[in-house]
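Enquirer: got a predicted structure here, sequence first:
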Amino acid sequence: MFKNFFLVFIVIIPAMFSWSQSYSLVIKDGHVIDPKNNIDAVMDVAIVDGKIVEVAKNIDASKAKQIVDAKGLYVTPGLIDIHTHNFAGTNADQYLMNAPGGLPPDGFTLRNGVTTVADAGSSGWKTFPLFKQNIIDKSTTRVLAFLNIVGEGMRGGSWEQNTNDMDAKLTANVAKANKKDVVGIKLAHFEGHDWIAADRAAEAGRLANIPVMVDFGGATPPLSIEELFFKHLRKGDIFTHCFAQLATRESIVDTNTKKIKPFVIEAQKNGIVFDVGYGGISFSFSQAIPAIQSGFYPNSISTDLHTGSMNAAMKDLPNVMSKFLNMGMDIQSVIKATTWNPAQEIQRPELGNLSVGTEADVAIFDLREGNFGFFDYTGYKIKGNKKLECELTIRAGKIVYDLNGIADPVVLK
């Protein structure tokens, strides 16, 4: 008798608690795309205390504190933009290091479904502590960093040509001491016709066991990207601005044949990561269209967000994603290139997915249909019929942006 009573107790009592499960927030009836977990279907998402607790059909939301009606919308992991510049400051004589060219992230991320950014080398080992103090530790957006191989960071001009300030050991030491925040090493804007800067960045990456992101070009004549891929970079290193077509950079698409260069395809297969890094003048349709049409997709889609790019052709991450949709990438590939792929590239597999137990970073998008125009910095324009627009963003389980009040009740933070 007592044995049967005990069995009833251990079976029924937990079930009673499950019936009374209350949620902090439930997203109802959205089309969930979660590439890590191979989810591409209409599902509900439940959140408790800042964590994903359930992704399933028909979650009972009757006791949820907040309900988000996502019917007809796409629900994705919070977007990850791995090429931004967020070291905002007031030093007008500097470029993107503690200067007006950098943007405080929260004003330009959350409204676009971006919950994580990786600042691409605005700070170096000397200036990282100030970046951490002023930006990383004070932002709702999760801010990570690629450390510039130049100790001063992206101060601009001759500062970024100073090979004496490119110290691989000191850069690696700061990266290792700040593993929570530093995800890689960055090389950018070097104009020397040699491999000193690339090799020192690569050495720092090896010492810290983190990837190197290369903004490659500036030498006249341009250095060989084939040599860069196969002799200086490692598997997992990142070639950003991959669709740039500039006189000082070798392009990945042959400008005469309009074909992707065979060694580029081989490099991607061997593990070199191709990142968009859109920027002000670092993306051209003349490179992207033939690449996409041939089936060559970027591993990650990013913005290179700064004051010089945000109001020009780039605008924001959903706009860049929309360009790739209209060039022929399917929405699943575009979402993967802004969530799970970049999470893996920066070695943060806990991000970019909706797995149960993960921090609840979620974005909700409307895929609008209509007549839209997209252009690049050269003025070349394409027309499209699809455009992503962020409806709502959740960061660490809390709604931080709600465009049209689709949450009930509407409570931000």
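Expert: Perfect, thanks for sending it.

Enquirer: what segments of the stretch 1-150 of the chain are helices?
Expert: With helices called from DSSP state H, counting those that start in this stretch, the stretch 1-150 of the chain shows them at 2-19, 128-134.

Enquirer: please read the previous query as pertaining to the stretch 301-413 of the chain.
Expert: In the stretch 301-413 of the chain, helices defined by DSSP H, counting those that start in this stretch lie at 317-327, 331-336, 340-345, listed in chain order.

Enquirer: distance from the first one to the middle of the chain?
Expert: Its chain's average C-alpha position is 14 Å from that of helix 317-327, according to CA atoms, centre = their mean, to the nearest Å.

Enquirer: quick one: contacts of it?
Expert: 79, 81, 112-114, 276, 278, 285, 288-289, 292-293, 298, 301-303, 305, 314, 331, 334, 337-338, 365, 372, 374, 382-390 (CB atoms under 8 Å, 6 or more residues apart in numbering). All C-beta spots, glycine's among them, are computed from the backbone N, C-alpha and C.

Enquirer: could you redo the last one with a cut-off of 6 Å?
Expert: If you take CB atoms under 6 Å, 6 or more residues apart in numbering as the criterion, helix 317-327 is touched by 79, 81, 112, 114, 278, 289, 292, 301, 303, 334, 374, 384, 386-388, 390.

Enquirer: care to break this structure down by domain?
Expert: Using automatic domain parsing, the domain parsing of the chain gives 2-76+359-367+390-408, 77-345.

Enquirer: tell me which of the helices of the stretch 301-413 of the chain sits nearest to Ala61.
Expert: Set against Ala61 and scored by CB to CB, those come closest in helix 331-336, at 24.2 Å.

Enquirer: lowest-confidence stretch among the helices of the stretch 1-150 of the chain?
Expert: Here the lowest mean pLDDT among the helices of the stretch 1-150 of the chain goes to helix 2-19, at a mean of 43.

Enquirer: in JSON lines: the helices of the stretch 301-413 of the chain, plus distance to Lys398.
Expert: Formatted as JSON lines, the helices of the stretch 301-413 of the chain follow (distance: least, CB to CB, whole Å):
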{"stretch": "helix 317-327", "distance to Lys398": "21"}
{"stretch": "helix 331-336", "distance to Lys398": "22"}
{"stretch": "helix 340-345", "distance to Lys398": "21"}
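
Enquirer: buried residues in stretch 300-313, which are they?
Expert: Buried residues in stretch 300-313, defined by neighbour count with 16 or more other CB atoms under 10 Å: 300-309, 313.

Enquirer: select, from those residues, the two members most distant in space.
Expert: Farthest-apart pair in these is Ser300 and Thr307; separation 22.5 Å (CB to CB).

Enquirer: show me where the stretch 1-150 of the chain has strands.
Expert: Using DSSP state E, counting those that start in this stretch, the strands of the stretch 1-150 of the chain run over 25-34, 39-48, 51-56, 66-69, 74-77, 79-84, 114-124, 142-148.

Enquirer: return the set of buried residues in the helix or strand that the last one is followed by.
Expert: When you say that, I think you mean strand 142-148. Going down the chain from strand 142-148, the next helix or strand is helix 168-177, by DSSP states H and E. For helix 168-177, the neighbour count (16+ other CB under 10 Å) marks 168, 170-172, 174-175 as buried.

Enquirer: same question, stretch 374-381
Expert: Buried, per 16+ other CB under 10 Å, within stretch 374-381: 374, 376-377.

Enquirer: do stretch 246-256 as well
Expert: Within stretch 246-256, the residues scored as buried using 16+ other CB under 10 Å are 249-253.

Enquirer: go on, stretch 391-411?
Expert: Going by neighbour count (16+ other CB under 10 Å), the buried part of stretch 391-411 is 391-402, 406-407.

Enquirer: return the distance of that stretch from the chain's centre.
Expert: Centre-to-centre, stretch 391-411 and its host chain are 21 Å apart (CA atoms, centre = their mean).

Enquirer: also stretch 330-349?
Expert: 8 Å.
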